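>>> all I have is the shape, not the residue letters:
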């Protein structure tokens, strides 16, 4: 498949604008083939208009068609074969095995949401039957199910060119909910985006979805994105990226005449607490596991463990092992030059705040980065706010607390995070239930004796958390619950059976689990 | 019980400030006994601090205690006896039977949420078991349940001094979720608020809830409310009231360093569509029912049907019947002088926009209002935005459309509403599925052959809808789903069973319906 660099709008190509940009190979800084056109205001409007029309059309289709569409996207992505991997690796600097893994995850997510659509539980059908004889007023027949919010905008993430971009988790869950999706491609991997975008369009044609069900727009600046989320046809936004970017989108969408939900998964430092029993029993194993988690993907995961709390003499030894684990490793390639620059700025910030780095050397290269371990005493940590800021990249901050109380004080002062981790014995955990209680308030996922990187895609996963980890702690961007972000309940009162949507008909033709007069059942 | 006019904070009274105000009897304009103190900045902070501490303490209590607390509130409200009714009627101008009904609903809501807590479905427990043998990576044990957001602020609503105020639906659902509640009493009925607030405190003592679980603050201005929702301890806001008030709260909370969800149930005009078959079969019955719905509670329900679309010669006759149904009825007493003034301003607005009123006379009285019917041709309606604004009070706008297409155009142009209603035969409904599809996008509840007033409190109820009906269309403020507004999912990864919260323990000690490895079941 040849790249064109054009927008994909309403099932066809479009390149109305004059501004173009190219992707850069982060490994060597060379520009990659094909110029990409930034979308114009008119193209933004066209994509939104098409999505609006597709939204209405989509609601008339059976759920099975939506499921088949999602599966067809996975098939079409696989059919892209090596061409996708070549472009993915060239644009991201990520290695081939990572491509294979991320493609597998992306397709699995699409198939998972197909099964979520078929299962229908996300519709949460509820029926309360009428009671015409009730006094003083007859009781009406009231039936409710979830309906899609409307067209959604999804921002491609720099660190997941497949699994959180064009046909990633946000797109898959929005489409599964019945929302057309307009993707703003990440400018670091526009070619990967176009290839996947064309796979989505091919799947839409194969399964006869309306043309406007999907659009892909390019831009290497911010203006087009602002116009896009301000368009009145857009009813929700999914984003994975920086705190600045996510908060800016949130602010723009909150200031709209009609505010809309923004699901921005932003920065997270993912605190780790290493408790005394664990330090006694298996300090080295935890330290090495931590070093591996920090270095994984050159530290470019939202769940990279960026701060580690411990206390006591054994913690000093633990810190030395972590430093050894990170030292002497090959430098990794970061996703683009901007991320490397931010990483270096983050290192400076921590140094200025008083943290001691294990090494002050970073490779003299546009995108290569080496692991860094910082150390700071607990007293100092509690005095500086900078220590809580995310440094996106292969670094972690080890905080030597003077006591358990100081560790608790630090936990209490934490902002919102995607994850919080405790390493300990079961006795440690029992002795520190107050710490667990605090972390439950601070994070979307609390991990025991594991590492936060490696987010399992499943029913029970929560990849979310209190602000500033996300702009909406009530949701997750990974796992089947992600579909809940794109629906709202609609109630039908006293409708004749023939006019009710299938999930609410008395005979339960879709065989859904429904809450009927307060009891969950499948029988009509 | 004697009123004191003081704040209720952390289980005790407080009156630090100097500013006081009095409630006014809307029937005759006289000031009612007792001066109420506006809460000071310090009192706001104390209430928030106490709520924060209570939040932590509350999480350690068994769910049964929370349920018992809710039931005890209902008991204590009933124990207030006639004193509550006397003050309620004096402060609101609402008649005694309305008090009885609203008290019954309020207590039923509290008991309903007690049963929701016991049932535990709102916790949505999900378990995905580990698979240590999975390649290439072992699968972790992942378990999720809903946890409360944190302290919530609830604003008393002028039009429901009990059911949407101190211990109303917002408070009951937030407490059921495990969130302490700080109520900002509505200044029109501070005495009712204090009586109910003391009932809540008595219930808290009886069931040994932490003192900060509930607070009641007074003010007759806006400043205290702003300080309150800006306090960093506050994690959610519930509000029922005007569009201006709701949007202001939304904007303040979106601009916080940590934005928080605002569930503002604001204005709604509740469009009604009367289709040809219905006009032929039972024009008079519908017209009379409509007139009754408009006049109910002197038009002071969020679901008052404020615009009615129809077409054809039979619609003219229908309009005449509606006018007859509203004319010559006794004037009703509005809740306070401000509402009457707004109602008169709304009448002027519709007149200026070109709608023809059935009568231009309103009682020369501070709070009394008479029903008004406006008429406007469809062409004119489509040209003016004013017609879509809520006129809170006993009025409705009849829109004579030139054709079915014009009616559809009007439906397409609607903003978000709490309800939309269709009157028709089943054949009408089948012939107008495009209208139904549109209304599903515009409203939280679509009603067939009924009237929107009289919101059933049940599992399937949605009292919500797209903006500007509410600031969060994903939720409802009535019915059991209202509890979902105050929770967020938290995931526990690889926790030992002993350290898991009860709802997630392997043996399922609470006998909850859980999603286990993708299958809903109660068995461990």
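Sure thing, it's come through. As the structure is a prediction and not an experimental result, all values here were calculated from the model.

>>> spell out which parts of the stretch 51-200 of chain A neighbour chain B.
For the stretch 51-200 of chain A, the residues in contact with chain B (C-beta under 8 Å from any C-beta of the partner chain) are A:56, A:59-60, A:121, A:126-128, A:137, A:139-140, A:142-144, A:147, A:149-150. No exception for glycine: its C-beta is placed from N, CA and C like everyone else's.

>>> please spell out which residues along the biggest helix by length in chain A are buried.
Longest helix in chain A by number of residues (criterion: DSSP state H): helix A:96-119. The neighbour-count check on helix A:96-119 (16 or more other C-beta atoms under 10 Å in any protein chain shown) flags A:98-99, A:101-103, A:105-107, A:109-114, A:116-117, A:119 as buried.

>>> next secondary structure after it?
The helix or strand immediately downstream of helix A:96-119 is strand A:126-128, counting by DSSP states H and E.

>>> packing partners for the helix or strand following that following strand?
Downstream of strand A:126-128, the first helix or strand assigned by DSSP H and E is strand A:142-148. In this structure, strand A:142-148 makes packing contacts with strand A:126-128, strand A:487-493, judged by 3 or more C-beta pairs under 8 Å, 6 or more residues apart in numbering or on different chains; DSSP states H and E.

>>> so can I have TSV of the ones you listed showing mean pLDDT and mean neighbour count?
Below are those laid out as TSV (pLDDT from 0 to 100; neighbours: other C-beta atoms under 10 Å in any protein chain shown):
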stretch	mean pLDDT	mean neighbour count
strand A:126-128	98	26
strand A:487-493	98	26
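
>>> re the thing from before, nearest to residue B:512, of the residues of the stretch 51-200 of chain A next to chain B?
residue A:121 (15.7 Å; C-beta to C-beta).

>>> is it true that the closest one touches residue A:511?
No. Taking C-beta atoms under 8 Å as the definition, residue A:121 is not a contact partner of residue A:511, at 11.6 Å.

>>> neighbour count for these two, which is higher?
residue A:121 (17 against 11; other C-beta atoms under 10 Å in any protein chain shown).

>>> so what's the more buried one up against?
Going by C-beta atoms under 8 Å, 6 or more residues apart in numbering or on different chains, residue A:121 touches A:512, A:513, B:515, B:520.

>>> grab the nearest non-local neighbour of the one residue in the stretch 201-350 of chain A that gets nearest to chain B.
Going by C-beta to the nearest C-beta, chain B is nearest to residue A:254 of the stretch 201-350 of chain A, at 3.7 Å. Closest residue to residue A:254 apart from its sequence neighbours, by C-beta to C-beta, 6 or more residues apart in numbering or on different chains: residue B:254 at 3.7 Å.

>>> just to check, the one you found is in contact with residue A:251?
Yes. Between residue B:254 and residue A:251 there is a contact at 7.4 Å, judged by C-beta under 8 Å.

>>> which of those two has more neighbours?
residue B:254 (19 against 14).

>>> list the contacts for that one?
A:250, A:251, A:254, A:255, A:259, B:262.

>>> same thing with residue A:459?
A:479, A:480, A:481, B:126, B:128, B:515, B:517, B:518.

>>> mind checking how far the residue nearest to residue A:66 when sequence neighbours are not counted is from residue B:437?
Take residue A:66 and drop its neighbours on the chain: the residue closest to it by C-beta to C-beta, 6+ apart is residue A:117, 5.1 Å away. Here the criterion is C-beta to C-beta, to the nearest Å. By it, residue A:117 lies 19 Å from residue B:437.

>>> do residue A:479 as well
In terms of C-beta to C-beta, residue A:479 sits 31 Å off from residue B:437.

>>> hmm, residue A:326 is touching residue A:290, no?
No. Using C-beta under 8 Å, residue A:326 makes no contact with residue A:290, being 9.1 Å away.

>>> most neighbours out of the residues of the stretch 51-200 of chain A next to chain B, which is it?
Most crowded among these, counting by other C-beta under 10 Å, is residue A:144 at 30 neighbours.

>>> for that one, list the residues it contacts.
By C-beta under 8 Å, 6+ apart, the contact set of residue A:144 is A:124-127, A:489-492, A:504, B:460-462, B:481.

>>> so how far is residue B:486 from it?
19 Å.

>>> before we move on, what about residue A:86?
49 Å.

>>> do residue A:62 as well
From residue A:62 to residue B:486 the distance is 35 Å (C-beta to C-beta).

>>> neighbour-wise, which of the two wins?
Using other C-beta under 10 Å as the criterion, residue A:62 and residue B:486 rank with residue B:486 on top: 29 against 10.

>>> would you say residue A:200 is within a helix?
Yes. According to DSSP: H, G, I helix; E, B strand; the rest coil, residue A:200 belongs to a helix.

>>> rebuild the contacts of residue A:459 as a markdown table, extending it with secondary structure and distance to residue A:383.
Shown next, in a markdown table, are the contacts of residue A:459 (DSSP: H, G, I helix; E, B strand; the rest coil; distance: C-beta to C-beta, whole Å):
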| residue | secondary structure | distance to residue A:383 |
| --- | --- | --- |
| A:479 | coil | 38 |
| A:480 | helix | 43 |
| A:481 | helix | 38 |
| B:126 | strand | 40 |
| B:128 | strand | 41 |
| B:515 | strand | 45 |
| B:517 | coil | 47 |
| B:518 | coil | 48 |
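
>>> now tabulate those in a markdown table and tack on distance to residue A:194.
Formatted as a markdown table, those follow (distance: C-beta to C-beta, whole Å):
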| residue | distance to residue A:194 |
| --- | --- |
| A:479 | 28 |
| A:480 | 29 |
| A:481 | 30 |
| B:126 | 36 |
| B:128 | 35 |
| B:515 | 37 |
| B:517 | 38 |
| B:518 | 35 |
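
>>> separate out the buried members of those.
Counted by 16+ other C-beta under 10 Å, the contacts of residue A:459 give A:479, A:480, A:481, B:126, B:128, B:515, B:518 as buried.

>>> against residue A:110, how distant is the third one?
Going back to what we said before, that points to residue A:481. 16 Å.

>>> next one: the second one
For residue A:480, the distance to residue A:110 (C-beta to C-beta) stands at 13 Å.

>>> hmm, back to that, nearest to residue B:182 among the contacts of residue A:144?
residue B:481 (22.9 Å).

>>> about what we covered before: what do residue A:326 and residue A:290 both touch?
Joint contacts of residue A:326 and residue A:290 (C-beta under 8 Å, 6+ apart) are residue A:396.

>>> which SSE is residue A:88 in?
Assigned by DSSP H and E, residue A:88 belongs to helix A:82-92.

>>> orientation of that helix relative to helix A:96-119 in degrees?
Going by axes from the mean of the first three to the mean of the last three C-alpha atoms, to 10 degrees, helix A:82-92 is angled at 110 degrees with respect to helix A:96-119.

>>> how far out from the middle of the chain is helix A:82-92?
Here helix A:82-92 is found 21 Å from its chain centre; the criterion is C-alpha atoms, centre = their mean, to the nearest Å.
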